[in-house]
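S.K.: next come a sequence and a model predicted from it.
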Amino acid sequence: MKPITIGILPQEKIRARMLAIASGKYHPKPGEPKIWFTSLRSLAEVLSEDNRALLKVICDAKPESIADLAAITGKHPSNLSRTLSTMARYGFVELRKNAGTLSKTPVVKATDFKILASA
């Protein structure tokens, strides 16, 4: 799996960068972050030790649904769903809908991360 590059900048700088990209004044270079956090603390909440361990369990066990993952981990399905939805928003996990059911299969998109922080 290719590492995902994550950037950390204040909200104002993220907004200014996005506006510059949208207006065509700035073109991101290859390897620049596509995922941004406003602080190391907010990144640490999403990529906590528990959540990184959860990514490993998903990679190793390849559960067919969140309910399967709950049975494997002993965690409550609603808590897992909330955690996985957050990680999916950042592109760390994909939740694929299973045909003919309401269940979703969690698929890990990244287990390695490169973090770029600016002062």
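M.R.: That came through, no problem.
S.K.: how about the nearest residue to the residue most central in space within the chain, chain neighbours excluded?
M.R.: Geometric centre of the chain, nearest residue: residue 92, 2.9 Å, by C-alpha atoms, centre = their mean. Of all residues not flanking residue 92 in the chain, residue 110 sits nearest, at 5.4 Å (C-beta to C-beta, 6 or more residues apart in numbering). Placement of C-beta: from N, CA and C, glycine included.
S.K.: contacting residues around that neighbour?
M.R.: If you count contacts by C-beta atoms under 8 Å, 6 or more residues apart in numbering, residue 110 has them with 1, 2, 3, 4, 55, 91, 92.
S.K.: again, but for residue 97
M.R.: Contacts here follow C-beta under 8 Å, 6+ apart; on that basis residue 97 touches 103, 104.
S.K.: next: residue 37.
M.R.: Residue 37 sits next to 6, 7, 8, 43, 46 when contact means C-beta under 8 Å, 6+ apart.
S.K.: what does the pLDDT read for the first one?
M.R.: What the model reports for residue 6 is a pLDDT of 96.
S.K.: would you check how far apart it and residue 99 are?
M.R.: Residue 6 is 33 Å from residue 99, where distance means C-beta to C-beta, to the nearest Å.
S.K.: between those two, who's got more neighbours?
M.R.: residue 6 (22 against 5; other C-beta atoms under 10 Å).
S.K.: which residues does the helix or strand encompassing the more buried one contact?
M.R.: In this structure, residue 6 sits in strand 4-8 according to DSSP states H and E. Applying C-beta under 8 Å, 6+ apart, the contact partners of strand 4-8 are 31-40, 43, 91-92, 109-110, 112-118.
S.K.: alpha carbons of that strand, as PDB, please.
M.R.: Output of strand 4-8 as PDB, limited to C-alpha atoms (Å, rounded to 0.1, in the frame of the first residue of the first chain):
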ATOM      1  CA  ILE A   4      -0.800   8.700   2.400                       C
ATOM      2  CA  THR A   5       0.800  12.100   2.800                       C
ATOM      3  CA  ILE A   6      -1.000  14.200   5.400                       C
ATOM      4  CA  GLY A   7      -0.400  17.900   6.000                       C
ATOM      5  CA  ILE A   8      -0.900  20.000   9.100                       C
END
